[in-house]
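Colleague: Sharing a sequence plus its predicted fold:
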Amino acid sequence: MYKLIIIDDEKWSREVVKKLIRYDALKCTLVGEAENGFNGYELIRTLQPDIVITDMKMPGLNGVELLKKVSVEYPQIKTIVMSGFEDYTYLRQAIRSKSVEYLLKPIKEDDINQAILHCIDEIKRSKRVNLSASRVFQDETIQREYSRYLKQLNLVILKQKNDEIEHTLNGVKFYEDVIKTAEMVNKVKESLLNQLAQYLLTQSFDFSYDIEEIRNETLDGMLKDVKKIYHDVMSQIETVHTLKYSGDIQSILDFIDQHYMYQISLNDVAEMFSISKEHMSRTFKKHAGEGVTQYILRKKMEGAVDLIRSTDYSMKEIGELMGFENIPYFYKMFKKKFDCSPGEYKESLKRLEKKEISKK
């Protein structure tokens, strides 16, 4: 069973949330509740819950401060943030603290249960990531090859050309984000990659071989072996990296799906999730099949079509509701997407509706 804690200074609000949760269906249980951030934090320390549902605006230790402490001290805990204020600052802090969901009060039954389900999915995904990380380093073959790699590295460096060294160092930099995926992977950062970088950057090498012995070694063969070992290890680490970032991308997709009608950009999303925009662009496109900006624009266009179909708003009002300050730009993007202006699209719907009515 997944353990839940509810933290809210308003008792009636806690009671409402408690009654809305489908405990049996979600396989979760309420293990505690608190009326303020201080007591909530003590409950978290004592009970070690899987999921924390917390209000943001509380006396004393408020939701923002609580989220900071939890994200640092208990990063495995998933959090659902509730607020009666549609406040950008609260939303921003919730995203930065890796909160899974941000819900506006009054809380709806479907929303809270969907949020808990999302948390459970994230917990399961994290367990798969940790399992993959453990397998990488429990593999005896990799450990054995790594030991051989260190012994042979001095010889290999003699054969490395400047461009090869630069390429390897770029690989070290690229995998900095991979190294952060799990505690086990951090140990590799301290051993494999740091030692590799140290060897490659040092100005003088202390070899225990004389020149004749070095010449007798099959350097080409060893270089090939060591490169293979390195890439095999990195390939498995990248599997861990992919699992982690697929979870991040899903969170980004969920965020855009809920906020595309605002004026959000690639920079805004990257800042919200504390990810560099370059890395997020690459990873997002790999998983979603299109860029962040393209995805946001597509969601805006689809939202505009829904409003044209279901409301009597003017085209200008629809553009503004979709977050466009520049209405001519909205018209331009709409026409590019649908080969007609918003007004023409509306007229075509009316003609189609009349035709359907006449058939009856």
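Modeller: All right, it came through fine.

Colleague: where does the stretch 201-350 of the chain dip in pLDDT?
Modeller: 201-247 (pLDDT under 70).

Colleague: Quick one: the helices in it, in order.
Modeller: Here the stretch 201-350 of the chain has its helices, by DSSP state H, counting those that start in this stretch, at 211-216, 219-259, 266-272, 277-288, 292-310, 315-321, 327-338, 342-359.

Colleague: list the buried ones in the third one?
Modeller: For helix 266-272, burial by neighbour count (16 or more other C-beta atoms under 10 Å) applies to 266, 268-270, 272. For the C-beta atoms, the positions are set from N, CA and C on the backbone; glycine is no exception.

Colleague: Then the fifth one?
Modeller: Burial within helix 292-310, assessed by neighbour count using 16+ other C-beta under 10 Å, is assigned to 292, 295-297, 299-301, 303-305, 307-308.

Colleague: And it, what does it pack against?
Modeller: helix 219-259, helix 266-272, helix 277-288, helix 315-321, helix 327-338, helix 342-359 (3 or more C-beta pairs under 8 Å, 6 or more residues apart in numbering; DSSP states H and E).

Colleague: Which elements pack onto the second one?
Modeller: Using 3+ C-beta pairs under 8 Å, 6+ apart as the contact definition, the elements that helix 266-272 packs against are helix 88-96, helix 219-259, helix 277-288, helix 292-310.

Colleague: What's the first helix or strand after the host helix or strand of Phe38?
Modeller: Element membership for Phe38 (DSSP states H and E) is helix 37-47. Following helix 37-47 in sequence order, the next helix or strand is strand 51-55 (DSSP H and E).

Colleague: what sits against Asn341?
Modeller: Rather than Asn, residue 341 is Ser. 315, 331, 334-335 (C-beta atoms under 8 Å, 6 or more residues apart in numbering).

Colleague: For those, which single residue is the most surrounded?
Modeller: Using other C-beta atoms under 10 Å as the neighbour test, these are led by Phe334, with 26 neighbours.

Colleague: Okay, it and Ile308: tell me how far apart.
Modeller: 9 Å (C-beta to C-beta, to the nearest Å).

Colleague: and for those two, which residues touch both?
Modeller: With C-beta under 8 Å, 6+ apart as the test, Phe334 and Ile308 both reach 342, 345.

Colleague: Among the buried residues of helix 266-272, which one sits closest to Ile123?
Modeller: Met272 (21.8 Å; C-beta to C-beta).

Colleague: That closest one contacts Phe255, correct?
Modeller: Yes. Between Met272 and Phe255 there is a contact under C-beta atoms under 8 Å: 6.9 Å.

Colleague: before we move on, back to that, compare the helices of the stretch 201-350 of the chain and give me the one nearest Glu73.
Modeller: Taking C-beta to C-beta, helix 219-259 is the member of those nearest to Glu73, at 20.1 Å.

Colleague: Mind telling me what element Asn113 is part of?
Modeller: helix 109-138.

Colleague: What of Leu4?
Modeller: Using DSSP H and E, Leu4 falls in strand 2-7.

Colleague: Does anything pack onto the next helix or strand after that strand? Which helices or strands?
Modeller: Per DSSP H and E, the first helix or strand lying C-terminal to strand 2-7 is helix 11-20. Packing partners of helix 11-20 (3+ C-beta pairs under 8 Å, 6+ apart): strand 2-7, strand 28-34, helix 109-138.

Colleague: Please identify the deepest-packed of these.
Modeller: strand 2-7 (a mean of 22; mean count of other C-beta atoms under 10 Å).

Colleague: pLDDT averaged over that strand, what's the number?
Modeller: For strand 2-7, mean pLDDT is 96.

Colleague: Neighbouring strands of that strand in the sheet, and parallel or not?
Modeller: Applying DSSP bridges, strand 2-7 is found paired with strand 28-34 (parallel), strand 51-55 (parallel).

Colleague: Could you export these as a markdown table, including mean pLDDT?
Modeller: As requested, the strands paired with strand 2-7 are arranged in a markdown table below (pLDDT from 0 to 100):
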| stretch | mean pLDDT |
| --- | --- |
| strand 28-34 | 96 |
| strand 51-55 | 93 |
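
Colleague: what's the closest of the ones you listed to Leu66?
Modeller: strand 51-55 (6.1 Å).

Colleague: Please look at Asp248 and Phe273 and confirm they touch.
Modeller: Yes. Using C-beta under 8 Å, Asp248 is in contact with Phe273, at 6.8 Å.

Colleague: quick one, phi psi at the closest residue in space to Lys11 that isn't next to it in sequence?
Modeller: Nearest residue to Lys11, sequence neighbours excluded (C-beta to C-beta, 6 or more residues apart in numbering): Glu35, at 7.0 Å. Main-chain dihedrals, Glu35, degrees, to the nearest 10: phi -100, psi 0.

Colleague: In contact with Glu35: list those residues for me.
Modeller: 7-9, 11, 14.

Colleague: next one: Tyr313
Modeller: Residues near Tyr313 by C-beta under 8 Å, 6+ apart: 307, 321.

Colleague: Would you mind measuring from it to Asp254?
Modeller: 26 Å.

Colleague: Also Glu353?
Modeller: 34 Å.

Colleague: Looking at those two, which one has more neighbours?
Modeller: Each of Glu353 and Asp254 has its neighbours counted (other C-beta under 10 Å); Asp254 has more, 13 against 10.

Colleague: what's the nearest residue to that one if we skip its chain neighbours?
Modeller: Closest to Asp254 by C-beta to C-beta, 6+ apart is His118, at 7.5 Å.

Colleague: Quick check: the one you found touching Glu101?
Modeller: Yes. When contacts are counted by C-beta under 8 Å, His118 is listed as touching Glu101 (6.1 Å).
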